[in-house]
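Trainee: Here is my input; please provide its structure:
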Amino acid sequence: MSTIEIIPVAGRIGAEIRGVRLAADLPAESVAQVRAALLKHKVVFFRGQQHLDDLQQEQLTPLFGGKPVAHPTSLPKAGSDSKVILELNSQHGGRADSWHTDVTFVDAYPRASILRGVKIPAAGGDTVWANTAAAYDNLPVHLRELADKLWAVHSNEYDYAIRKGNPTLDELKHYAQFSSTVYETEHPVVHVHPETGERSLILGHFVKNFVGYSKAESAQLYSLFQSYITKLENTVRWRWTEGDVVVWDNRATQHYAINDYGDQHRVVRRVTVDGEVPVGVDGRRSVTRSKAKKKVEQAEAVAA
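Mentor: Now for the predicted structure:
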């Protein structure tokens, strides 16, 4: 067995793990080291994992504490041996260039995400992660007390490229599928991590409003709290190469895919690990407010 090296990439978040060939049959001692590094550093990076295919990537999920779970609205990659793998293809609207935590519009959102670089631009296309536990710890005491009491409504009725104007037909189709069923879920803004006991912030672009606050008031509160999450000291930036695998604790991070690579082709594939319903500092659990099929116009009609 090769020796595992865990090398911090930034001061508050992120570590590269060397000496590991990811596989479902990874030795128990190695699994324990990787899991401990993930909980400590929030996101871990593995270079040189070109041996993985879609199904082998899906089979990694037990290493990170759970079962693979399909995205609730987006379709898995067509023709793949995996029934849950989600492909983010820049040529078909897959550019998640906004700060978010994955799938927070459902109650038991994923505990972890496993992302594999398949086709990477020659330059650009990095991803940035932020440590939401460090953000909470660095809030001024009165803001921390406010955050402890706040609840927010999260929804997948989020317009992605449409918000920027002049969306492409592929982007409209992507949005139509993504919001084909509209979810609304109430989460505590601060939740207690079930494994580490740390408190961290549940925010990101799926937040629609804060419970008991107007849309305008919610926007100001959101901007304030997000500014602590995305403070540079709380972030790490990864320069992808093909075959990289990145795993992050989705309960203690947000991330942003930088859209700076123009017409270059970027493809990454993601598998998520099933999660559990968050618990706030007062012991209350997140609740689903609504789940409704949405009659979405055909993208061609919208584009017209």
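Trainee: From residue 102, how far off is residue 260?
Mentor: Residue 260 sits 21 Å away from residue 102, going by Cβ to Cβ, to the nearest Å. In short, each C-beta sits where N, CA and C put it, glycine included.
Trainee: Would you mind telling me which of the two has the busier surroundings?
Mentor: residue 102 (24 against 12; other Cβ atoms under 10 Å).
Trainee: Can you list the helices and strands that the helix or strand containing residue 208 packs against?
Mentor: Under the criterion of DSSP states H and E, residue 208 resides in strand 207-210. Applying 3 or more Cβ pairs under 8 Å, 6 or more residues apart in numbering; DSSP states H and E, one finds that strand 207-210 contacts strand 151-155, helix 215-229.
Trainee: List the pairing partners of that strand within its sheet, with orientation.
Mentor: Each strand that pairs with strand 207-210, with its direction, by DSSP bridges: strand 151-155 (antiparallel).
Trainee: Would you mind pulling the contact partners of the partner strand?
Mentor: Contact partners of strand 151-155, identified using Cβ atoms under 8 Å, 6 or more residues apart in numbering, comprise 104-105, 182-189, 202-203, 206-211, 218, 280, 289.
Trainee: how much does that strand deviate in direction from helix 215-229?
Mentor: Put simply, strand 151-155 runs at 100 degrees to helix 215-229, going by axes from the mean of the first three to the mean of the last three Cα atoms, to 10 degrees.
Trainee: deepest of the helices and strands packed on strand 207-210, which one?
Mentor: Highest mean neighbour count of those: strand 151-155, a mean of 22 (counted as mean count of other Cβ atoms under 10 Å).
Trainee: re the thing from before, export the strand holding residue 208 as CSV, just CAs?
Mentor: Backbone C-alpha positions of strand 207-210 (Å, rounded to 0.1, in the frame of the first residue of the first chain) are rendered in CSV as follows:
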residue,chain,number,x,y,z
VAL,A,207,-32.9,30.8,-1.1
LYS,A,208,-36.1,32.5,-2.0
ASN,A,209,-36.8,34.5,1.2
PHE,A,210,-36.4,34.4,4.9
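Trainee: what does that strand contact?
Mentor: Outside strand 207-210, the residues touching it (Cβ under 8 Å, 6+ apart) are 104, 150-155, 157, 184, 189, 215, 217-218, 221-222.
Trainee: where do the helices sit along the stretch 151-300 of the chain?
Mentor: For the stretch 151-300 of the chain, the helices defined by DSSP state H, counting those that start in this stretch occupy 169-178, 215-229, 299-303.
Trainee: For those helices, which has the smallest mean pLDDT value?
Mentor: The minimum mean pLDDT among these belongs to helix 299-303 (a mean of 40).
Trainee: any idea how far residue 237 lies from residue 201?
Mentor: From residue 237 across to residue 201, the span is 20 Å (Cβ to Cβ).
Trainee: So for those two, which sits in the more crowded spot?
Mentor: A count of neighbours by other Cβ under 10 Å puts residue 201 above the other of residue 237 and residue 201, at 27 against 14.
Trainee: ok, now which ones touch the residue nearest the centre of the chain?
Mentor: Nearest residue to the geometric centre of the chain (Cα atoms, centre = their mean): residue 102, 3.3 Å. Going by Cβ under 8 Å, 6+ apart, residue 102 touches 109, 110, 113, 250, 272.
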